[in-house]
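In: Take a look and give me a structure for this.
(2 chains)
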Protein chains: 2
Amino acid sequence: MNPMLQGQSARRAIPQGFLEALRERFGTAFSTSEAVRAHHGRDESPYPPMLPDGVVHAASIEDIAWVAAHCHRHKVPLIPFGAGSSLEGHVLAVQGGISLDLSGMDRILSVDAEDQCVTVQAGVRRKQLNEHLRDTGLFFPVDPGADATLGGMASTRASGTNAVRYGTMRDNVMALKVVTADGRIVHTGSRARKSSAGYDLTGVFVGSEGTLGIIAEATVRLYPQPEAVSAAVCNFPTLEAAVNSVIEIIQMGVPIARVEFMDTDAVKATNAYSKLDLAESPLLLFEFHGSPEGVKEQALAVGEITAGHGGTDFQWAEHPEDRTRLWTARHHAYFAGVQMRPGCRATTTDVCVPISQLAHCVSATAADLETASFPHTIVGHVGDGNFHVLMMIDPDKPEEWRESELINRRLVERAIAMGGTCTGEHGVGLHKMEFMQAEHGEGALDMMRALKQAFDPHHILNPGKTIPPPSEEG
Amino acid sequence: MNPMLQGQSARRAIPQGFLEALRERFGTAFSTSEAVRAHHGRDESPYPPMLPDGVVHAASIEDIAWVAAHCHRHKVPLIPFGAGSSLEGHVLAVQGGISLDLSGMDRILSVDAEDQCVTVQAGVRRKQLNEHLRDTGLFFPVDPGADATLGGMASTRASGTNAVRYGTMRDNVMALKVVTADGRIVHTGSRARKSSAGYDLTGVFVGSEGTLGIIAEATVRLYPQPEAVSAAVCNFPTLEAAVNSVIEIIQMGVPIARVEFMDTDAVKATNAYSKLDLAESPLLLFEFHGSPEGVKEQALAVGEITAGHGGTDFQWAEHPEDRTRLWTARHHAYFAGVQMRPGCRATTTDVCVPISQLAHCVSATAADLETASFPHTIVGHVGDGNFHVLMMIDPDKPEEWRESELINRRLVERAIAMGGTCTGEHGVGLHKMEFMQAEHGEGALDMMRALKQAFDPHHILNPGKTIPPPSEEG
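Out: Take a look at the predicted model:
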């Protein structure tokens, strides 16, 4: 077994007649074929697949409710599946059971232009949504890079490049339709912009990684497409200089829409992959949204601050095609990294620290990586204090797994010691569970366990993920 | 009994020796005097006081933990108390028990200028905090009007005039130190700006009105004091014209910091109380934050939009003293209302609706009020779709209670039917409990009850509030 999966596997028995009932209810929308199960037993993480016993393609919320009630009655695990683009092993069927594929539930149910929100089925994808919104003058800003489903993004509390200005899924999900562990359909939230009417159930489900309920529909906020958009790129002599620029920009309150950091290795990989000729040193990539005057003002302020930190070649890209080229390159940083080493798998980790600690955290991590035996890059949504490390490892070499895991552990422990978190946006899945106790303490974990027990008493929903068992048992 | 309290009273028996143990532990910080209990048995709502059996003045989180463990062991109600400025009966001891006064825990524990956050004890007040921050270049924006405690504001998910730009307590509480029902101390959240590490316990406690745990400390976000601030005031021929201006401003994405609506009655009351000579018609009061260029640009955009809706006398106040005079008058709208009728009590209600429904909701409410037998005003944070109705009733006339309750019921049912919420920022307390089922449905209420049961199995924390019992029992 892969060293990353030690101790994870404990498949539950499937009661007799259970799969047959699914076949009877769903016909060809239910599959037990090896190929379909293999597709649903993995995500973008380097974990080897762990296959579910069967896959249901849901077409409606009633389908979801039926499957949940069925699984609840028979105590069979149930794992919601969207685009499969999660990064920390979220959808692996570590205890077997049913993968519930929501990607066919991809209808945009209502665009509410006046109220600046949209209600979608869980399987709607981010790019599809913005394509659909194009002529409304509105857009949905949360952008984790991957073309994830909205349900998956809500479940992992995703964010991405725009979060510094527009917030994360926590801030942008207004209401949900959720199926409970035992198959009831529940509404949370409303289309009002704020409410003090009781417990924030919407916030409970956002980020719960399919372990508390199954998100079937979501109402999310939209924003006016900015009147003017411009981008800029700036190189720095050191990564500290780049990061310190960002800290100052944030502290000055410049309302930047995006600011992304790439280390020298990430720039090199991007030049090779995206056929660009960016100067190969630590780099910041900015985007400004506002009125034409406003974006000029922001770019001017940022240009001054970066110059004060030794930034060079501050280039301002007003033309849409230049902007798109730069940002497409940034979005391909993951693929660019993977291309550095043919046949590798990338282990991607992310942490988020208070911004005062960011320069220290990034440079200590870069020092750890200096002696690594495999290619690596650092990129990050540094306006939030959030950054990622990509390590391109040979999946057949256990020593590389162990080495990358050690670097990951040092990074996460450092982030937590600095008052930060073990994951800013990727989620816990399997890979960050071991750090939950160090981050939250046993008291908070006990409350999370109580919440899980209250909402999913048979522990059928995505079991073995997110919240580790109590330490005496685990 | 006051008609508003029918069916609410069911005091629990206090076990022998229970109060004596508190006296022994806390000495003079524990009181059973009538005067102290009376002070802690009421808030700013029109409910008659319901006294606790005793009051503990907590000086430390250990004090809180001791009292919680003691109450948990003996199944005695425990009600956190801050400034007593809540509006919906939140702190009334409907089942008796202990009021835990946190106002003495008023230390600002650490200002983190670089990370733009501050950690405070629960008893720190809003004005005290901003006074303390004055020289740091930062400020805390959430402003419910009353000089509430931060713990109370977190507990009611408060917001106020700045929420349209800076969000509510939901958006601005980063981390908490909470005492659980059985007296354990738990940390939630971190100083990282975002996290995907497990369930959002911070969000669970914010808005839970002291029914899930006792907030002892809070870390909240700060923002750079804006470089430039300006205000403007504009009158309108009708309330619809005023509200439609706001809708257009929000839809255009103008980043206004505040926009407040006052109906003609509120303007008249304010002129009388604050010795102003505002034109007596529906009015909007704006505040703009940004760079000097930015606030001019915003004011220009807003001036054009309001003119398009028949707005007149658009006056732009750049001088701090003019701004302060206007905003102080708005903050005194509550007192101005109460002064309309000497000896009255004000019943204040608030709803929040999707902004597309705002004009319709406000004008239907104004129509309801036209025949009211008591003075009334409508004011609101209309940028969020949130508005308040103040009704100045004679506390000795049950028929006025009933009349105001009828108007409140029609307002709330209208807001819910429009996809809104029974309270945008005041909270549920006692007064909005009866609307929770209509707003959330039985399924969501069941999940809230499961959460309550998981976190407070003996139902000692502020019992009889926020979440109504199941309909077959209640």
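
In: Please make it C-alpha for all contacts and neighbour counts, starting now.
Out: Noted.

In: before we move on, what SS does the closest residue to chain B within the stretch 301-450 of chain A have?
Out: Chain B sits closest to residue A:424 of the stretch 301-450 of chain A, with a gap of 4.1 Å, by C-alpha to the nearest C-alpha. Taken by DSSP: H, G, I helix; E, B strand; the rest coil, the conformation at residue A:424 corresponds to coil.

In: Tell me how far the closest residue to it other than its chain neighbours lies from residue A:159.
Out: Closest residue in space to residue A:424, ignoring its immediate chain neighbours: residue B:195 at 4.1 Å, by C-alpha to C-alpha, 6 or more residues apart in numbering or on different chains. Using C-alpha to C-alpha, to the nearest Å, residue B:195 is found at 9 Å from residue A:159.

In: same check, this time on residue A:109
Out: Distance from residue A:109 to residue A:159, counting by C-alpha to C-alpha: 23 Å.

In: When those two are compared, which one has more neighbours?
Out: Neighbours were counted for residue A:109 and for residue A:159 using other C-alpha atoms under 10 Å in any protein chain shown; residue A:159 has more, 29 against 13.

In: Find the closest residue to chain B in the stretch 151-300 of chain A.
Out: Distances between the stretch 151-300 of chain A and chain B by C-alpha to the nearest C-alpha are smallest at residue A:195, namely 4.1 Å.

In: Figure out the helix or strand that residue A:203 lives in.
Out: Per DSSP states H and E, residue A:203 falls inside helix A:201-205.

In: Determine the set of other helices and strands touching that helix.
Out: Contact here means 3 or more C-alpha pairs under 8 Å, 6 or more residues apart in numbering or on different chains; DSSP states H and E; on that basis helix A:201-205 packs against strand A:173-179, strand A:185-189, helix B:201-205.

In: what sits against the nearest residue to residue A:257 once chain neighbours are set aside?
Out: Closest residue in space to residue A:257, ignoring its immediate chain neighbours: residue A:165 at 4.8 Å, by C-alpha to C-alpha, 6+ apart. Listed by C-alpha atoms under 8 Å, 6 or more residues apart in numbering or on different chains, the contact partners of residue A:165 are A:255-258.

In: So which of the residues you listed are in helices?
Out: Judged by DSSP state H, the subset of the contacts of residue A:165 located in helices is empty.

In: Pull the most distant pair out of the residues you listed.
Out: Spatial extent of these (C-alpha to C-alpha) is set by the pair A:255 and A:258 at 9.1 Å.

In: if I pick residue A:155, what's in contact with it?
Out: Residue A:155 makes contacts with A:205-210, A:215, as judged by C-alpha under 8 Å, 6+ apart.

In: picking that back up, quick one: closest of the helices and strands packed on helix A:201-205 to residue A:326.
Out: Proximity to residue A:326 (C-alpha to C-alpha) singles out strand A:173-179 among the helices and strands packed on helix A:201-205, at 28.7 Å.

In: need the helices for the stretch 251-400 of chain A, in chain order.
Out: Applying DSSP state H, counting those that start in this stretch to the stretch 251-400 of chain A gives helices spanning A:264-274, A:292-308, A:320-331, A:333-339, A:358-370, A:398-417.

In: Do you know the pLDDT at residue A:473?
Out: Residue A:473 is assigned a pLDDT of 46 by the prediction.

In: With residue A:79 instead?
Out: Residue A:79 is assigned a predicted lDDT (pLDDT) of 98.

In: Look up the residues forming beta bridges with it.
Out: Residue A:79 has these beta-bridge partners by DSSP bridges: residue A:99.

In: Could you list the residues of the stretch 101-250 of chain A in contact with chain B?
Out: Within the stretch 101-250 of chain A, the positions near chain B by C-alpha under 8 Å from any C-alpha of the partner chain are A:114-116, A:156-158, A:168, A:171, A:184-201, A:203-205, A:207-208, A:223-224.

In: Within the sheet, what are the partner strands of the helix or strand bottoming out on mean pLDDT in chain A, with directions?
Out: When each helix and strand of chain A is scored by mean pLDDT, DSSP states H and E, strand A:312-317 comes last, with a mean of 83. According to DSSP bridges, strand A:312-317 forms sheet pairs with strand A:228-235 (antiparallel).

In: residues of the partner strand that come out buried?
Out: Within strand A:228-235, the residues scored as buried using 16 or more other C-alpha atoms under 10 Å in any protein chain shown are A:229-235.

In: again, but for stretch A:96-112
Out: If you call a residue buried by 16+ other C-alpha under 10 Å, then stretch A:96-112 has these buried ones: A:96-103, A:105-108, A:111-112.

In: for stretch A:292-309, same thing?
Out: A:294-299, A:302-303, A:305-307, A:309.

In: roughly how far out does that stretch sit from the chain middle?
Out: Its chain's C-alpha centre and that of stretch A:292-309 lie 30 Å apart, by C-alpha atoms, centre = their mean, to the nearest Å.

In: How about stretch A:258-273?
Out: Mean-position distance between stretch A:258-273 and its chain equals 20 Å (C-alpha atoms, centre = their mean).

In: Do any residues in it lie close to chain B?
Out: No - with C-alpha under 8 Å from any C-alpha as the criterion, chain B is not reached by stretch A:258-273; the gap is at least 14.7 Å.

In: got the contact list for that stretch?
Out: By C-alpha under 8 Å, 6+ apart, stretch A:258-273 touches A:161-165, A:239, A:242-243, A:246, A:276-288, A:329-330, A:332-333, A:335-337, A:339-340, A:376-383.

In: Can you flag the buried ones in the residues you listed?
Out: Neighbour-count burial (16+ other C-alpha under 10 Å) applied to the contacts of stretch A:258-273 gives A:161-165, A:239, A:242-243, A:246, A:279-288, A:329-330, A:332-333, A:335-337, A:339-340, A:376-383.

In: So which of these are in strands?
Out: Among the buried ones among the contacts of stretch A:258-273, the ones falling in strands (DSSP state E) are A:283-288, A:376-381.

In: Any idea how far apart the tips of stretch A:348-365 sit?
Out: Length of stretch A:348-365, first residue to last, C-alpha to C-alpha: 14 Å.

In: From the rest of the structure, what touches it?
Out: Residues contacting stretch A:348-365 (C-alpha under 8 Å, 6+ apart): A:45, A:87, A:239-240, A:243-244, A:247, A:382-391, A:408, A:411-412, A:414-416, A:418-426, B:114-115, B:191-195.

In: And stretch A:13-33, by the same measure?
Out: With contacts defined as C-alpha under 8 Å, 6+ apart, stretch A:13-33 is touched by A:37, A:53-58, A:67, A:74, A:76, A:97.

In: how does it look with 6 Å?
Out: Residues from elsewhere that reach stretch A:13-33, judged by C-alpha atoms under 6 Å, 6 or more residues apart in numbering or on different chains: A:54-57.
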